[in-house]
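J.: coordinates only, no sequence provided:
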Ligand SMILES: Cc1cc2nc3c(=O)[nH]c(=O)nc-3n(C[C@H](O)[C@H](O)[C@H](O)COP(=O)(O)O)c2cc1C
């Protein structure tokens with residue numbers, strides 16, 4: 001049974017950080033000792049029995065900070081259970097959109113064949129056109145703001161992790 005976990009995340013606009021915070025809070029309620037840090041700040045995974053890695057999809061790719069994290073911590077990640085979540089769907093929120101995001105994530109992770117997460121999930125994302133960088137705003141301005149993060153689904157997933165870490 002793991003005692004300690006690191007929840008680490010990449011984000012551009014903050015919605016993935018809020019999901020990571022909810023995951024961390026649920027893991028603590030399950031009795032784990034949990035730290036939370038952005039991937040860029042993580043120097044070592046020493047002292048953690050398990051890791052949760054979360055990052056959003058952008059332009060069909062997983063956030064570059066998450067890809068760098070995988071490359072940088074390859075050895076340590078291969079030695080402990082890791083659960084992955086990705087944020088993506090923000091438009092129709094239907095099954096096809098989730099499936100599309102899942103295929104994008106699978107394609108990205110195929111570049112890291114040594115990486116075998118104990119679980120992998122896609123959560124709905126948050127889309128806020130007003131906050132976007134100018135270059136994105138230009139071609140996404142017709143899409144309405146949305147927040148498809150389902151907090152109950154997120155907490156249920158987090159609550160299922162300690163058993164998967166075993
Ligand atoms: C410019 C832009 C491009 C995006 N591209 C994708 C994509 O290719 N696939 C996907 O599933 N989600 C995509 N998304 C949705 C994001 O993953 C979602 O908005 C997420 O919540 C952003 O996370 P953050 O707030 O932590 O940066 C995109 C969002 C934006 C704003």
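T.: Yep, it's here. Predicted model, so just to flag it, every value in this text is computed and none were measured.
J.: and the residue nearest the centre of the chain, what element?
T.: The chain has residue 54 as the residue nearest its centroid, 1.7 Å off, counting by C-alpha atoms, centre = their mean. Here residue 54 is covered by strand 50-58, with elements defined by DSSP states H and E.
J.: how far away from the center of its chain is that strand?
T.: Strand 50-58 has its C-alpha centroid displaced from the chain centroid by 2 Å (C-alpha atoms, centre = their mean, to the nearest Å).
J.: and that strand, what's its mean pLDDT?
T.: Strand 50-58 comes out with an average pLDDT of 98.
J.: the ligand contacts on this protein?
T.: Residues of the chain lying close to the ligand (C-beta under 6 Å from any ligand atom) are 11-16, 56-60, 87-90, 101, 104, 125-127, 132, 136, 140. From N, CA and C alone the C-beta is placed, and that goes for glycine too.
J.: on that earlier part again, parallel or antiparallel, list what pairs with the strand holding residue 54.
T.: strand 4-9 (parallel), strand 61-62 (antiparallel), strand 82-87 (parallel) (DSSP bridges).
J.: and the lowest-mean-pLDDT helix or strand in the chain, how far from the chain's centre?
T.: When each helix and strand of the chain is scored by mean pLDDT, DSSP states H and E, helix 134-140 comes last, with a mean of 81. Averaged C-alpha coordinates place helix 134-140 at 24 Å from its chain's average position (C-alpha atoms, centre = their mean).
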